[in-house]
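Visitor: Provided below for reference: sequence and predicted model.
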Amino acid sequence: STKLYGIRNIDCSRGRVTIHRGCVVRGDYDVPIRFGRYAEIKSGSVIRPSLNKNEESDEAIEHTYNPVAIGSHTSIGENCVIEAVSIGSNVNIGARCVIGARSVIRDNCIVEKDSIIPPDSVIPPFSHVYGRPGRRKGDVQESYAVMGVEDAVERYIKFAREIKNQRQIQPEN
């Protein structure tokens, strides 16, 4: 089952956020985790804040964490671990990816399945990334900015229909 810890810090107020079964969202670190409209977190993924880092010594600052922002129309694949501070809008992260602590992924990016983005990375907009460690493979076409949004809305509509059909099938008690 899905586990949402520290629900008061998890903000899905923009609406139509889908968090599938088996996900863990760690809002219990007393920093906000914000999801944009039509964001989708697929089964088994973990979203947790990363530790702050002391810029002078490069060491983690104990017990202080960074907020997490996940943009609109963004999809995070199955069994991912996300410790980024920001994932932009219209980003597609494939299955089994690890997005390292304090990383930033800008808008309109694709991260291929099984990729590992190292801590403190910044991925520029319209980047296509893959590998261990994740490296820029090339550019995402500008048309992805529109197609990705349409795909996210279609995924949500399909999910909503499936839920509605499941509710209609369930016998009444």
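Guide: Received, thanks. Numbering: from 1, shown residues only.
Visitor: Backbone dihedrals for the residue positioned nearest the centre of the chain, please?
Guide: Centroid check for the chain by CA atoms, centre = their mean gives I76 as the closest residue, at 4.6 Å. In terms of degrees, to the nearest 10, the main-chain angles of I76 are phi -110, psi 120.
Visitor: which ones are touching it?
Guide: The contact partners of I76, taken as CB atoms under 8 Å, 6 or more residues apart in numbering, are A39, E40, I41, K42, S45, I47, I70, I82, I87, I93, C97. Placement of C-beta: from N, CA and C, glycine included.
Visitor: Most neighbours of all the residues you listed, which one?
Guide: Neighbour counts for those, by other CB atoms under 10 Å, peak at I93, which reaches 29 neighbours.
Visitor: now the residue nearest to the centre of the chain, which residues is it bridged with?
Guide: I41, I93 (DSSP bridges).
Visitor: separation between the residue nearest to N66 when sequence neighbours are not counted and S50?
Guide: In space, not counting the residues next to it along the chain, N66 is nearest to V85; the distance is 4.7 Å by CB to CB, 6 or more residues apart in numbering. Note on V85: its distance to S50, by CB to CB, to the nearest Å, is 7 Å.
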